[in-house]
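Enquirer: heads up, no residue letters with this:
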Ligand code: GRF
């Protein structure tokens, strides 16, 4: 009897970098212990901050983890990523620029999540609440989450997937952030799984090929 394809394909090994609380990291951990368990597994978690909640979550999940002492040191990062045989590197709320040598080594295998519909409200200095403050200041009616391939610049790589979120009358940066974060938690794991399985890929033409299925979700998460 022919084994299911999923069993024939080795699970992709995912490394994650996170600087903060790690709710996106938690969404990845839960997804790849659940619906995505045949596609990939999280094998390493790094942070530039020893006190990051992301490392607390890593330890609770029993996953190898390190404090990355010098986020600018490509050799240190690459050594760790090679030691865990990482196939994919995911930035889940990581606030440092990934060194160019790592970006090149992981071309087409390095993803970031951003809490707006890039290219709007992205770039250097646009992170966290600043993003949602800017969205409200500009009176945007729709914002959302973006997952993109990473290049040498903040938030500039090819877009892999996006999900819209309505801006509501009376929204504050905090209420908007909470709604966008929920969309991120849905979009990021599904996009990582699609890249891990090859359903979505960064082509030699620099364009993204393939689409991320977002089954059962309303057009605009409320
Ligand atoms: C998320 O909004 C992400 O888009 C941004 O930083 C935040 C991280 O949140 N890059 P968490 O640490 O995953 O909870």
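Expert: Right, received. Where do you want to start? Note that the structure is a prediction, hence the values are computed from the model and not measured.
Enquirer: And residue 72, how close does it get to residue 195?
Expert: Distance check for residue 72 against residue 195: by Cβ to Cβ, to the nearest Å, it reads 26 Å. Where you see a C-beta, it was placed from the backbone N, CA and C, and this is true even at glycine.
Enquirer: Same drill for those two, tell me which one is more crowded.
Expert: Using other Cβ atoms under 10 Å as the criterion, residue 72 and residue 195 rank with residue 195 on top: 30 against 12.
Enquirer: So what does the more buried one look like in phi/psi?
Expert: Per-residue torsions, residue 195: phi -70, psi -40 (degrees, to the nearest 10).
Enquirer: quick one: low-confidence parts of this protein?
Expert: 1-9, 215-222 (pLDDT under 70).
Enquirer: what about the residue of the chain found nearest the ligand, helix or strand, and which?
Expert: Here the residue of the chain nearest the ligand is residue 93; by Cβ to the nearest ligand atom that distance is 2.6 Å. Under DSSP states H and E, no helix or strand contains residue 93.
Enquirer: and it, how many neighbours?
Expert: Residues near residue 93, counting by other Cβ under 10 Å, number 27.
Enquirer: so how far is residue 141 from it?
Expert: Per Cβ to Cβ, residue 93 is found 26 Å from residue 141.
Enquirer: same thing with residue 114?
Expert: As for residue 114, its distance to residue 141 is 19 Å (criterion: Cβ to Cβ).
Enquirer: higher neighbour count, the two?
Expert: Just comparing residue 114 and residue 141: by other Cβ under 10 Å the higher neighbour count belongs to residue 114, 26 against 9.
Enquirer: The more buried one is in contact with residue 128, isn't it?
Expert: No: the criterion here is Cβ atoms under 8 Å, and residue 114 misses it with residue 128 at 10.7 Å.
Enquirer: Break down this protein into its helices, ranges please.
Expert: Secondary structure of the chain (DSSP state H): helices at 5-8, 23-33, 53-61, 74-83, 100-105, 129-137, 173-197.
Enquirer: closest one to residue 166 among these?
Expert: Counting by Cβ to Cβ, residue 166 lies closest to helix 173-197 out of those; the figure is 7.9 Å.
Enquirer: helices and strands around the closest one, which ones?
Expert: Packed against helix 173-197 by the contact rule (3 or more Cβ pairs under 8 Å, 6 or more residues apart in numbering; DSSP states H and E) you find strand 12-17, helix 23-33, strand 40-47, strand 88-91, strand 110-114, helix 129-137, strand 142-149, strand 159-166.
Enquirer: Now the last one: buried residues?
Expert: The reference is to strand 159-166. Neighbour-count burial for strand 159-166 flags 159-163, 165 (criterion: 16 or more other Cβ atoms under 10 Å).
Enquirer: now those residues in CSV, with distance to residue 61?
Expert: Shown next, in CSV, are those (distance: Cβ to Cβ, whole Å):
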residue, distance to residue 61
159, 29
160, 25
161, 25
162, 28
163, 25
165, 28
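Enquirer: Quick check: the two most widely separated of these?
Expert: 160 and 165, at 17.4 Å, using Cβ to Cβ across the buried residues of strand 159-166.
Enquirer: which outside residues touch stretch 156-163?
Expert: If you take Cβ atoms under 8 Å, 6 or more residues apart in numbering as the criterion, stretch 156-163 is touched by 110-112, 117-119, 122-123, 144-151, 183, 186-187, 190-191, 194-195, 200, 202, 206-208, 211-212, 214, 217, 221.
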